[in-house]
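> heads up, no residue letters with this:
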């Protein structure tokens, strides 16, 4: 009966799903040896990265998953996964492309998640949380299903933090009267820029008790950190 | 107000849950050493395989989980898990039984998933997707919770592909006017037969860039593939 | 239109979320070496333990997640995670505190889960199941996201069993006419007491075929159990 406050345009949503699908498939194509995936496995990771964030967002919002209401999302994610496989073959080890695509994708998923939450009347703090979960949820599902250590849990370049900051910006500027569409675009840019800069300058969060450990390490010799 | 287009009969749904529970518990009972499970662990895997696919289906459809609306699903899955433990003790290493049961179970879950989705008005592509997720979802949850590599992600006999083909058949023959019940039965049989034949003849999807790797392998000596 | 049969008071729900957040962050702070988490990782585990059980409960009930309907849950879980990090620094290796807190937390989550399910008209068996999933769900998510073996799946002190028994007591005494609030408190105490006693006396479920294995072990020499 009431008009929706905000709807993500279908083309924008499909663009995010498609870029995510390309990025996921490029990532998954890089694995060899015991983690090597067959063609279906690569397609599954592409679809998971393209659609996983939106699924998690809608589950957290108590809404039926938008990506399963029409045929286009799966066609976009699946087609994008095939493109991603071909690109991975062409641009072997194009790490910069994967990082750049990924920054845009988490920016889009975060912006769509927070915008949709605000549009449904969700308060500010959970709206930021849902946006961040939408941004990084696909990569968590990818790591769990591939048996990799979950990337966002370990010391590394600001990833979830970029999404949290971008989504917080959306909520803040929207509270000052900026339209949700413009707020979403600003948040997308903030997330993507922070993420790319963090990778370039190798910035990461302080580890817990790093100073304490450094002291111990200085007294006892270096702590060997086994790479997972 | 409108009558449901399709409901899975309770006896059929409970049969699927029960067969899944038996299959899951037989699978879980086979583990020894560090993966050994206690009795509750085996029961959890039985319930997960029996009910996990239906839970995932209903979450993707935005429906309250059907398996938690009455007492019978959990009783069937739990009782089946106990039967599965006993059978595993009797038929030690009855791999053929596990594979056969599994083929029927993924056929049933796929058919129920796609049929329910079509009955709720979900379009063709997501209906196939939801059916395939319902078919293999329980085994994904099982592998994640047991700390095993997720089976469907790695080079192996057609598993998810069998479910995708079976569910596609349901959507196709239903589009030609066949009743959803008959379409579901056809899809179940297609999935189960493909799966069993794939195991018997050891058919699998082509790996990514397999030809490229073979060439490299021929030039450099065999690439040692570490079994997970 | 109808009045809700039962609502968990906000203060009680926030108390559970907060205690869970403290417990989760204390647990996560203890990891070193390759499993070492950064500050965000510890906060994520705190929020996951504080809010994960409630999220799983609401997904299984087909309800929008209660913990995302206002700002307080995330503030409580996040604040509690910070307190948990500080406490972990102060009380290094305070295992007894973690076990005690954990026992109260699974008792609360189990009681809230079963009570909410009964209040929504869910039958007895799934109400117990949902309570147990709410009690242990956070720890399953924690283990999966941290790449640890899922604790409840392996031979150990009664954990899920304590929750199942506590939730069964709630359903039973409620069926005899005891109010749901009092039933919930009784169930909470039963779960927590069983859990603490199981840890103190090191009680666990019988392994599968333990006697068979003992016999084999006696005949063939000890089976080396590789610790995960």
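Alright, I've got the coordinates. The structure presented is a predicted model; accordingly, all values stated were derived computationally and were not measured.

> just the buried residues of the longest helix along chain A, please?
Longest helix in chain A, counting residues (DSSP state H): helix A:95-119. By neighbour count on 16 or more other C-beta atoms under 10 Å in any protein chain shown, the buried set for helix A:95-119 is A:98-119. (Each C-beta comes from the backbone N, C-alpha and C, glycine too.)

> shaky segments in chain A?
A:1-6, A:32-35, A:92-94, A:154-157, A:204-228 (pLDDT under 70).

> chain B contacts on that one?
A:29, A:32-34, A:36-42, A:44, A:55, A:58-59, A:63-65, A:67-71, A:73-75, A:85, A:89, A:144-147 (C-beta under 8 Å from any C-beta of the partner chain).

> helix/strand/coil for the residue of chain A found nearest chain B?
For chain A and chain B, the shortest gap (C-beta to the nearest C-beta) falls at residue A:64, measuring 2.8 Å. What DSSP: H, G, I helix; E, B strand; the rest coil gives for residue A:64 is coil.

> how near is the closest residue to it other than its chain neighbours to residue A:163?
Leaving aside its sequence neighbours, residue A:64 sits nearest to residue B:62 (C-beta to C-beta, 6 or more residues apart in numbering or on different chains; 2.8 Å). Distance from residue B:62 to residue A:163, counting by C-beta to C-beta, to the nearest Å: 25 Å.

> and what of residue A:121?
According to C-beta to C-beta, residue A:121 and residue A:163 sit 22 Å apart.

> for residue A:37, same thing?
For residue A:37, the distance to residue A:163 - C-beta to C-beta - is 26 Å.

> before we move on, back to that, tell me how far the longest helix of chain A is from the chain's mean position?
Distance, stretch centre to chain centre, for helix A:95-119: 6 Å (C-alpha atoms, centre = their mean, to the nearest Å).

> so which elements touch that helix?
If you count contacts as 3 or more C-beta pairs under 8 Å, 6 or more residues apart in numbering or on different chains; DSSP states H and E, helix A:95-119 packs onto helix A:10-29, helix A:39-61, helix A:124-146, helix A:160-175, helix A:180-201.

> before we move on, back to that, who has more neighbours out of residue B:62 and residue A:163?
Per other C-beta atoms under 10 Å in any protein chain shown, whichever of residue B:62 and residue A:163 has more neighbours is residue A:163, with 32 against 18.

> so who does that one touch?
By C-beta atoms under 8 Å, 6 or more residues apart in numbering or on different chains, the residues touching residue A:163 are A:106-107, A:110, A:131-132, A:135-136, A:191.

> and if you look at residue A:61?
Here residue A:61 is in contact with A:116-117, A:120, A:122, A:130, C:64, C:68 (C-beta under 8 Å, 6+ apart).

> one step back: just the buried ones from the residues of chain A next to chain B?
Using 16+ other C-beta under 10 Å, the buried ones in the residues of chain A next to chain B are A:29, A:36-42, A:44, A:55, A:58-59, A:64-65, A:67-68, A:71, A:73-74, A:85, A:144-147.

> correct me, but residue A:58 touches residue A:64?
Yes - between residue A:58 and residue A:64 there is a contact under C-beta atoms under 8 Å: 6.8 Å.

> and the residue in chain A that chain C sits nearest to, backbone torsions?
Of all residues in chain A, residue A:62 sits closest to chain C, at 2.8 Å by C-beta to the nearest C-beta. Backbone dihedrals for residue A:62, given as degrees, to the nearest 10, come out at phi 70, psi 30.

> shared neighbours, residue A:58 and residue A:64?
Common neighbours of residue A:58 and residue A:64 (C-beta under 8 Å, 6+ apart) are residue B:62.

> residue A:97 contacts residue A:91, doesn't it?
Yes - counting by C-beta under 8 Å, residue A:91 is a contact partner of residue A:97 at 6.1 Å.

> okay, and the common contacts of the two?
By C-beta under 8 Å, 6+ apart, residue A:97 and residue A:91 have these common neighbours: residue A:26.

> surely residue A:120 touches residue A:63?
Yes - under the criterion of C-beta under 8 Å, residue A:120 makes contact with residue A:63 at 7.4 Å.

> give me every residue that touches residue A:139.
Contact partners of residue A:139, counting by C-beta under 8 Å, 6+ apart, are A:49, A:106, A:151-152, A:159.

> going through those, which ones are buried?
A:49, A:106, A:152, A:159.

> my read: the third one touches residue A:141, true?
No - using C-beta under 8 Å, residue A:152 and residue A:141 do not qualify as a contacting pair, with a distance of 11.7 Å.

> how close does the spatially closest residue to residue A:109 that is not a sequence neighbour sit to residue A:140?
Spatially, and ignoring its direct neighbours in sequence, residue A:109 is nearest to residue A:53 (4.0 Å; C-beta to C-beta, 6+ apart). Remark: distance between residue A:53 and residue A:140 (C-beta to C-beta) = 9 Å.

> so which of these two has more stuff around it?
Neighbours per residue (other C-beta under 10 Å) separate residue A:53 from residue A:140, with residue A:53 holding more: 32 against 22.

> measure that one to residue A:27 for me?
Going from residue A:53 to residue A:27 by C-beta to C-beta gives 15 Å.

> same check on residue A:195?
In terms of C-beta to C-beta, residue A:195 sits 15 Å off from residue A:27.

> quick check, distance from stretch A:110-122 to the centre of its chain.
16 Å.

> excluding its backbone neighbours, what's nearest residue A:7?
Computed as C-beta to C-beta, 6+ apart, the closest residue to residue A:7 that is not its neighbour in sequence is residue A:119, at 7.4 Å.
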